[in-house]
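> Provided below for reference: sequence and predicted model.
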Amino acid sequence: MFTHAFDAMGTQCILNLQGDPEKIAHAARLSEQEVRRLEQKYSRFRDDSIASEINHQAGRQPVAVDEETLALLSYANICYQQSDGMFDITSGVFRRIWDFKSGRLPTDQQIESILPLVSWSSVEWSEDHIFLPQNGMEVDFGGIVKEFAADRVADLCRQAGIEHGLVNLGGDMAVIGPQLDEENDHEAPWLIGIRDPRSPEDAAASIPLTEGGLATSGYYERFMMVDGRRYCHIINPKTGWPVDWCASVSVVSSQCLVSGSLATMAMLKESHSQEWLDDQGVPYLLANKFNEWHGTLKPL
């Protein structure tokens, strides 16, 4: 087993690869380069990213987009439609009033001032450009680009001849074939732990995977406590207030990108999350705020 770890996209990235050492070294190098490329291109924290350029030109003029960016915008639009407007990549502006390090809630007036800027339906975009019609609007690729990167890394590794591996970008997983038990000369699934939202250092479930992607969204990832109540970083774009029904949602699908967006959409669906996930027909594990577990994947 070869493990390659590096920090990017605000998290720790870990590649567990098996096979020919030269192929692994080549795959690891390409993978890290690809993650850093995507971070540079889509991070809102970088002045030279396409995200920052789009946001800087809000209310001013359209910005040209390439094929890759168009694909991400198209996918974000699909998520917006399938979630009835709950998955909205213009909702990142809520960070201006929700500071989870402050321990203070925003005022109703502050929320009302931000809500008009959250409006993917008003964004003008086509095959070659995007335009945010209001000054102060933003797009934030943070809800999809890390999962997209995990899938890209898995594809690059396969192209480099890797048949056994696990990509872990801060908990967003993409599987490159089963794990190889070299001593006993047989294959086995990768066992991926799902955090217990009550005790994030402990595992609540162990999911066996030989292919596909897995992602988890939870209210324990970034939050603050105010007067004994937990407020998490996932904000309802229609109200400006955090969701609080689901404690954790994990989804398995053919791609990490799909798993991640489905998990986030389920969090946004609040008390309808279980019914909505059942309708999607994907394996999932959901814990609500009452520590009740549901889904086709089973807790320990």
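Sure thing, it's come through. Just so it is clear, the model here is predicted, and its values are computed rather than measured.

> how's this structure carved up into domains?
By the assignment in automatic domain parsing, the chain contains the domains 1-44+141-180, 57-140, 189-300.

> Minimum distance to Ala51: which of those has it?
Checking the domains of the chain against Ala51 by Cβ to Cβ gives domain 1-44+141-180 as the closest, at 4.8 Å. Quick note: C-beta positions are derived from backbone N, CA and C, even for glycine.

> Looking at this protein, which strand is longest?
As assigned by DSSP state E, the longest strand anywhere in the chain is strand 199-209.

> Show me where the chain has its helices.
With DSSP state H as the criterion, the chain has helices at 21-42, 50-56, 67-82, 108-114, 145-159, 256-268, 273-280.

> Now find how far off-centre the fifth one is within its chain.
The reference is to helix 145-159. Relative to its chain's centre, helix 145-159 lies at 13 Å (Cα atoms, centre = their mean, to the nearest Å).

> okay but Ala203 is in contact with Ile194, surely?
Yes. When contacts are counted by Cβ atoms under 8 Å, Ala203 is listed as touching Ile194 (6.3 Å).

> Neighbour count for those two, which is higher?
Ile194 (22 against 16; other Cβ atoms under 10 Å).

> So the residue nearest to the more buried one when sequence neighbours are not counted versus Pro299, what's the distance?
Spatial nearest neighbour of Ile194, excluding adjacent residues (Cβ to Cβ, 6 or more residues apart in numbering): Ala205 at 4.1 Å. Ala205 sits 5 Å away from Pro299, going by Cβ to Cβ, to the nearest Å.

> Quick check on Asn135: phi, psi?
Main-chain torsions, Asn135, degrees, to the nearest 10: phi -60, psi 130.

> so where is this structure shaky, pLDDT-wise?
Scanning the chain for pLDDT under 70 picks out 182-184, 300.

> Distance-wise, check the nearest residue to Leu209 once chain neighbours are set aside relative to Ile78.
Excluding the flanking residues, the one nearest Leu209 by Cβ to Cβ, 6+ apart is Val175, at 4.9 Å. Using Cβ to Cβ, we find Val175 at a distance of 23 Å from Ile78.

> between these two, who's got more neighbours?
Val175 (23 against 12).

> Pairing partners for that one in the sheet, please.
Partner residues in beta bridges with Val175, using DSSP bridges, are Leu166, Gly212.

> same deal with Ser206?
Going by DSSP bridges, Ser206 is paired in beta bridges with Gly193.

> That one and Pro189 touch, don't they?
No. Using Cβ under 8 Å, Ser206 is not in contact with Pro189; the gap is 10.0 Å.

> who's in contact with the residue nearest to Leu209?
154, 165-167, 190, 209-214 (Cβ atoms under 8 Å, 6 or more residues apart in numbering).

> likewise Glu138?
44, 51, 54-55, 58, 90, 92-93, 117, 132.

> residues near the residue lying closest to Gly59 once chain neighbours are set aside, how many?
Distances taken as Cβ to Cβ, 6+ apart put Asn135 closest to Gly59, at 3.3 Å, once the chain neighbours are dropped. Look at Asn135: counted by other Cβ under 10 Å, it has 10 neighbours.

> can you check the one 4 residues further on too?
Other residues within reach of Val139 by the criterion other Cβ under 10 Å amount to 28.

> Thr69 too?
20.

> Report how many residues lie close to the residue lying closest to it once chain neighbours are set aside.
Counting by Cβ to Cβ, 6+ apart, Ile50 is the residue found nearest to Thr69 once chain neighbours are left out, at 5.8 Å. Ile50 has 22 neighbouring residues, counting by other Cβ under 10 Å.

> Tell me how far Ile50 lies from Val251.
Separation of Ile50 from Val251 (Cβ to Cβ): 28 Å.

> again with Pro106
Pro106 sits 30 Å away from Val251, going by Cβ to Cβ.

> okay, these two: which has more neighbours?
Higher neighbour count among Pro106 and Val251: Val251, with 28 against 18, using other Cβ under 10 Å.
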